[in-house]
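# give me a 3D structure for the following:
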Amino acid sequence: MNLALNATGAIGTIGGLITVKTGIQNVDDEYTRLHPEAAELRLGKHTYLDVRDIVSAMDDATRDRIFDPLFTTKFMGRGLGLAAVAGFVRGHKARSQSTARRAKAADFTVLFPAAERAAEKPRIVDCATPLRGAGVK
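Now for the predicted structure:
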């Protein structure tokens, strides 16, 4: 959500295009050779989230600080969006990459390790007696 909100803020009132894409990426030696920022990922399947905005562009100085806490190009009191993304990515043992070098586009891709097995189906418990609360005392 923060990536999409950041993209929305980047295009502002001038209009533009935001695309959100998900999929599967196999991280292998060839992939890490082409994307050195992914070198710490385990090899194998990853799911990815890609958010791109067409219209905004970043200079090198801005791109180098975009994940810093409290850094913003907007008015004061803003700036935790991409820092929160960085924390979320680290917490899930994922990696993010930004290819914001192209003029008129900023592209953020996050790779999450794919699950080794399918999720278990949740158990459904049938409660014959309705639950009743007593409120707060």
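# can you give me the distance of the residue nearest the centre of the chain to Ile18?
The residue lying closest to the centre of the chain (CA atoms, centre = their mean) is Val110, at 5.0 Å. Taking CB to CB, to the nearest Å as the measure, Val110 and Ile18 are separated by 15 Å. From N, CA and C alone the C-beta is placed, and that goes for glycine too.
# quick one on the thing from earlier: so the residue nearest to the centre of the chain touches Arg90, yeah?
No: Val110 is not in contact with Arg90 according to CB atoms under 8 Å; the separation is 10.9 Å.
# ok, back up a step: got the phi and psi for the residue nearest to the centre of the chain?
Per-residue torsions, Val110: phi -120, psi 130 (degrees, to the nearest 10).
# contacting residues around it?
3, 48-50, 85, 89, 94-96 (CB atoms under 8 Å, 6 or more residues apart in numbering).
# tell me which of these fall in helices.
Those of the contacts of Val110 mapping onto helices are 3, 85, 89, per DSSP state H.
# Asp29: which of these is nearest?
Val89 (22.4 Å; CB to CB).
# that closest one: neighbour count?
17 (other CB atoms under 10 Å).
# excluding sequence neighbours, find me the nearest residue to it.
Leaving aside its sequence neighbours, Val89 sits nearest to Ser96 (CB to CB, 6 or more residues apart in numbering; 4.8 Å).
# now do Ala114
Distances taken as CB to CB, 6+ apart place Lys45 nearest to Ala114, at 4.0 Å, with adjacent residues excluded.
# and that neighbour, backbone torsions?
According to degrees, to the nearest 10, Lys45 has phi -70, psi 140.
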